[in-house]
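Q: Sequence and predicted structure, then a few things I'm wondering about:
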Amino acid sequence: MLRLLVMLASIANCAGGLVLIATWATMWQHVPIIVPFIGGSLLIQGAYTILYLRGDLDRWGALATGALFAGEGLSACIGAGGSIQGIIHNINTADMEMAPVLAGLLMLVQAVLALLYLLVSGRLRPAVQGRTLARS
């Protein structure tokens with residue numbers, strides 16, 4: 001069930017990222033330059049997670065899991081900060097901009113779900129390596 005939720009959140013991130021990129025591409029005169037970068041980060045976050053969940057990155061082994069863990073940890077922090085900043089901006093100005101708040105929430109929710117998935121599935125346990133000590 002959690003894996004399905006992570007997959008749905010990742011698809012939503014990809015869709016949201018594409019919408020932000022397309023919005024900037026069609027109305028670049030009125031949309032800040034940061035919008036395609038936020039869209040790109042949502043797209044990359046969602047696409048990498050989808051590839052990971054499908055098993056397309058299994059050949060990378062623990063490196064893929066470590067990259068997902070690090071990326072989702074950073075995404076959680078940035079998504080929370082972006083959401084908070086967007087809410088504070090909306091409180092202080094009459095111009096209500098919901099896109100930054102929604103982008104931050106998309107990033108945050110998907111990151112938290114992916115981190116929970118890694119924790120619950122046991123993929124964050126250190127790998128046991130069969131090293132033996134050399135005897136002299």
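A: Structure received.

Q: May I have stretch 36-56 as CSV, with CA atoms only?
A: These are the backbone C-alpha positions of stretch 36-56, laid out as CSV (Å, rounded to 0.1, in the frame of the first residue of the first chain):
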residue,chain,number,x,y,z
PRO,A,36,11.3,25.9,-14.6
PHE,A,37,14.0,25.0,-12.0
ILE,A,38,11.4,24.1,-9.5
GLY,A,39,9.5,22.1,-12.1
GLY,A,40,12.7,20.4,-13.1
SER,A,41,13.4,19.4,-9.6
LEU,A,42,9.9,18.0,-9.2
LEU,A,43,10.3,16.1,-12.4
ILE,A,44,13.7,14.6,-11.5
GLN,A,45,12.5,13.7,-8.0
GLY,A,46,9.5,11.9,-9.3
ALA,A,47,11.2,10.2,-12.2
TYR,A,48,14.1,8.9,-10.1
THR,A,49,11.7,7.5,-7.5
ILE,A,50,9.6,5.8,-10.1
LEU,A,51,12.7,4.2,-11.6
TYR,A,52,13.8,3.0,-8.2
LEU,A,53,10.4,1.5,-7.3
ARG,A,54,10.2,-0.3,-10.7
GLY,A,55,13.6,-1.9,-10.0
ASP,A,56,15.3,-0.2,-13.0
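
Q: average pLDDT for it?
A: For stretch 36-56, mean pLDDT is 95.

Q: Which positions in that stretch come out as buried?
A: 36, 38-39, 41-43, 45-46, 48-50, 52-53 (16 or more other C-beta atoms under 10 Å). (Each C-beta comes from the backbone N, C-alpha and C, glycine too.)

Q: Tell me the one of these nearest Ser83?
A: Distance to Ser83 across those (C-beta to C-beta) is lowest for Ile38, with 12.1 Å.

Q: which strands and helices sit next to whichever strand or helix holds the closest one?
A: If you go by DSSP states H and E, Ile38 is part of helix 34-54. In terms of contacts (3 or more C-beta pairs under 8 Å, 6 or more residues apart in numbering; DSSP states H and E), helix 34-54 is packed against helix 2-26, helix 62-92, helix 99-121.
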